[in-house]
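Colleague: next come a sequence and a model predicted from it.
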Amino acid sequence: MEMKSCKPGGFYNFPDGLLRYLLFFFALIYLSGCKLPLEDFFGEMGALPVHLERDSFMLAWEAEEPRIPDLPSSIEHFNIYYRNPDQEKWNYIKSTSGFKLCITLSAVELGGYGTYELGVSEVLNNGRELDIHSSTDFSAKPAGGWYLVLTQPKE
């Protein structure tokens, strides 16, 4: 088996079919529920817990500000939601007043201390609400998403 050197712009020359067999092998291991070596090296992949010990906190997100704010398809405000990790249904908390990219939330608004997934949706000038973007979505920052673990402050 001959390997070419791997220099910038180069590649390894695998024998015909070897790469296909390796991919099949790793897919079979993954689908059978076995841990792949990457998970052992990097830890469990997925949403990260964000632990806060406080009564209130500020939630911030990113959105592109409309170039022409008066268009019916421009963002008018944002709706904020939460849900417990074992729930499918989102619970509405409140809306921003206008195009604001942060809002303060309290434990009372979430129904107490606990573990929560947070979500933000855009509401357009024409009244149409877009899909909720979840904190556990892979595109959330940090990559892979996050969820909130809110605990009561110690006195």
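Modeller: Arrived safely.
Colleague: CA atoms for contacts and neighbours, from now on please.
Modeller: Fine.
Colleague: how is this protein divided into domains?
Modeller: Under automatic domain parsing, the residue ranges defining each domain of the chain are 1-45, 48-151.
Colleague: weakest of the ones you listed in terms of mean pLDDT?
Modeller: If the domains of the chain are sorted by mean pLDDT, domain 1-45 sits at the bottom with a mean of 52.
Colleague: give me the contacts around stretch 130-145.
Modeller: Applying Cα atoms under 8 Å, 6 or more residues apart in numbering, the set of residues contacting stretch 130-145 from outside is 45-48, 117-124, 146-147.
Colleague: in that stretch, what counts as buried?
Modeller: Neighbour-count burial for stretch 130-145 flags 132-137, 140, 145 (criterion: 16 or more other Cα atoms under 10 Å).
Colleague: strands along the chain, start to end?
Modeller: Along the chain, the stretches classed as strands by DSSP state E are 48-53, 56-60, 75-83, 91-95, 102-106, 114-124, 133-134, 146-151.
Colleague: wait, which of those is closest to Arg67?
Modeller: strand 75-83 (10.2 Å; Cα to Cα).
Colleague: that closest one: how far from the chain's middle?
Modeller: Its chain's C-alpha centre and that of strand 75-83 lie 15 Å apart, by Cα atoms, centre = their mean, to the nearest Å.
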